[in-house]
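A.B. asks: pasting the structure only:
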């Protein structure tokens with residue numbers, strides 16, 4: 001087991017010893033196999049000093065989700081793919097919702113949501129995101145190609161956000 005570092009102490013109901021007391025929130029590097037490839041990532045967990053030595057660690061549901069996202073992002077970095085935070089930043093740089101960005105790129109409505117929270121994109125999707133990352137003209141091309149996916153007023157709104165980004169990048 002990797003050594004861990006204390007983040008802070010938290011007073012809470014401990015599910016391991018069934019008592020309310022101070023538990024330690026800790027972090028360490030862990031290794032997991034994703035898509036057949038070993039990746040190392042930072043994981044957070046709680047440590048209960050009152051529990052027996054074999055079962056003295058636990059995670060909340062949100063910690064588990066964060067740890068999995070960290071592992072997936074480590075895989076992305078290792079394979080030269082955009083991380084979930086970078087995907088969020090691209091979308092936000094255009095001022096678009098997740099659904100608007102998927103429509104702009106011609107993808108299914110939940111695709112960006114999945115890439116921002118859990119799924120690892122393949123290289124083709126990653127390439128499309130990189131195309132618009134710093135190139136609003138490419139985003140305008142995608143809007144022309146997928147204009148039918150937006151009602152008239154929404155299409156105008158999305159186009160104005162892209163044009164605004166274009167002005168800001170010059």
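C.D. replies: Arrived safely. Please read these numbers as outputs of a predicted model, since none were measured by experiment.

A.B. asks: strands along the protein, start to end?
C.D. replies: 5-13, 20-34, 37-47, 57-58 (DSSP state E).

A.B. asks: go through these and name the closest to residue 142.
C.D. replies: Residue 142 sits nearest to strand 20-34 of all these, at 29.4 Å, using C-beta to C-beta. The C-beta positions use only the backbone N, C-alpha and C, and glycine is treated the same way.

A.B. asks: neighbours around residue 116, how many?
C.D. replies: 18 (other C-beta atoms under 10 Å).

A.B. asks: can you redo the strands of the chain as a markdown table with mean neighbour count and distance to residue 72?
C.D. replies: Formatted as a markdown table, those follow (neighbours: other C-beta atoms under 10 Å; distance: least, C-beta to C-beta, whole Å):
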| stretch | mean neighbour count | distance to residue 72 |
| --- | --- | --- |
| strand 5-13 | 11 | 21 |
| strand 20-34 | 15 | 7 |
| strand 37-47 | 17 | 8 |
| strand 57-58 | 16 | 21 |
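
A.B. asks: out of those strands, flag the one nearest residue 74.
C.D. replies: Comparing the strands of the chain by C-beta to C-beta, strand 37-47 comes nearest, at 4.0 Å.

A.B. asks: residues contacting the closest one, please?
C.D. replies: 4, 7, 10, 12, 14, 23-33, 56-60, 63, 66-67, 70-71, 73-75, 78-79 (C-beta atoms under 8 Å, 6 or more residues apart in numbering).

A.B. asks: now swap in stretch 150-170 and tell me
C.D. replies: Contacts of stretch 150-170 (C-beta under 8 Å, 6+ apart): 93-96, 100, 103-104, 134, 136-137, 139-140, 143, 147.

A.B. asks: give me the lowest-pLDDT entry from these.
C.D. replies: The lowest pLDDT within these belongs to residue 134, with 88.

A.B. asks: is there a neighbour count for that residue? I'd like the number.
C.D. replies: Residue 134: 11 neighbours (other C-beta under 10 Å).

A.B. asks: tell me who's in contact with the residue lying closest to residue 162 once chain neighbours are set aside.
C.D. replies: Using C-beta to C-beta, 6 or more residues apart in numbering and skipping the chain neighbours, the partner closest in space to residue 162 is residue 139 (4.8 Å). Contacts for residue 139 were tallied using C-beta under 8 Å, 6+ apart; they are 94, 104, 132, 162, 165.
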